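K.L.:
below are the sequence and a predicted model for it; my questions follow.
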Amino acid sequence: MKHLTCVALMMAILALGGLGCRGGSETHSNDALGANTELTQIIGTDKCAECEGITGNDQDVLLVESDGTLWVLIGGGPGYQAAQDGHNEGKTIAATLAGKPVTKTGLNGKLYREVKVSDIKIIG
């Protein structure tokens, strides 16, 4: 009986310790790829989703983060239009998320995250 109690206690301690090791100073929810789903803004290089073989729509804005994460941004407005117009220039953009990212597979077989955005700013 003591052995069973000790094993149960050890498993509880390991489970609690594992929860504490998930993140740094902030705790976030993650999707299946481990992507942070509580982000409010993402920053990366503006690219053409169709040109990169991700989608078949030349109007889609592709943001590529410095770690290589691919984001297809869905939105509208002047910032979105500016990102569409300049996506072959490789400028740095910041997008404000307005929805939860959905992981998809592109036409080229690469995984990407599609998300609705409320605003896009060209920052460099």
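P.N.:
Yes, it's here. Residues are numbered from 1 along each chain as shown.
K.L.:
what are the buried residues along stretch 79-94?
P.N.:
Across stretch 79-94, burial judged by 16 or more other CB atoms under 10 Å covers 79-80, 82-84, 87, 93-94. Backbone N, C-alpha and C define where each C-beta goes, glycine included.
K.L.:
what do you get for stretch 45-60?
P.N.:
45-50, 52, 54-55, 60.
K.L.:
next: stretch 59-78.
P.N.:
In stretch 59-78, counting by 16+ other CB under 10 Å, buried: 60-64, 69-75.
K.L.:
and these, which two are the farthest apart?
P.N.:
The widest separation within the buried residues of stretch 59-78, taken as CB to CB, falls between T69 and G75 and amounts to 18.0 Å.
K.L.:
for this protein, what spans make up the helices?
P.N.:
2-20, 78-85 (DSSP state H).
K.L.:
mean pLDDT lowest for which of these?
P.N.:
Mean pLDDT per stretch puts helix 2-20 lowest among these, at a mean of 48.
K.L.:
show me what I74 is bridged to.
P.N.:
K116 (DSSP bridges).
K.L.:
please tell me how far it sits from D60.
P.N.:
Counting by CB to CB, to the nearest Å, the gap from I74 to D60 is 8 Å.
K.L.:
any weak-confidence spans in this structure?
P.N.:
1-38 (pLDDT under 70).
K.L.:
strands of that one, start to end?
P.N.:
Ranges of strands within the chain are 41-48, 61-64, 70-74, 92-97, 102-105, 111-122, based on DSSP state E.
K.L.:
tell me which other helices or strands the third one touches.
P.N.:
If you count contacts as 3 or more CB pairs under 8 Å, 6 or more residues apart in numbering; DSSP states H and E, strand 70-74 packs onto strand 61-64, strand 111-122.
K.L.:
just the ones you listed: most buried one?
P.N.:
Most buried of those, by mean neighbour count (mean count of other CB atoms under 10 Å): strand 61-64, with a mean of 23.
K.L.:
what sits against the closest residue to L39 other than its chain neighbours?
P.N.:
Using CB to CB, 6 or more residues apart in numbering and skipping the chain neighbours, the partner closest in space to L39 is L97 (5.8 Å). Contact partners of L97, counting by CB atoms under 8 Å, 6 or more residues apart in numbering, are 39-42, 115-118.
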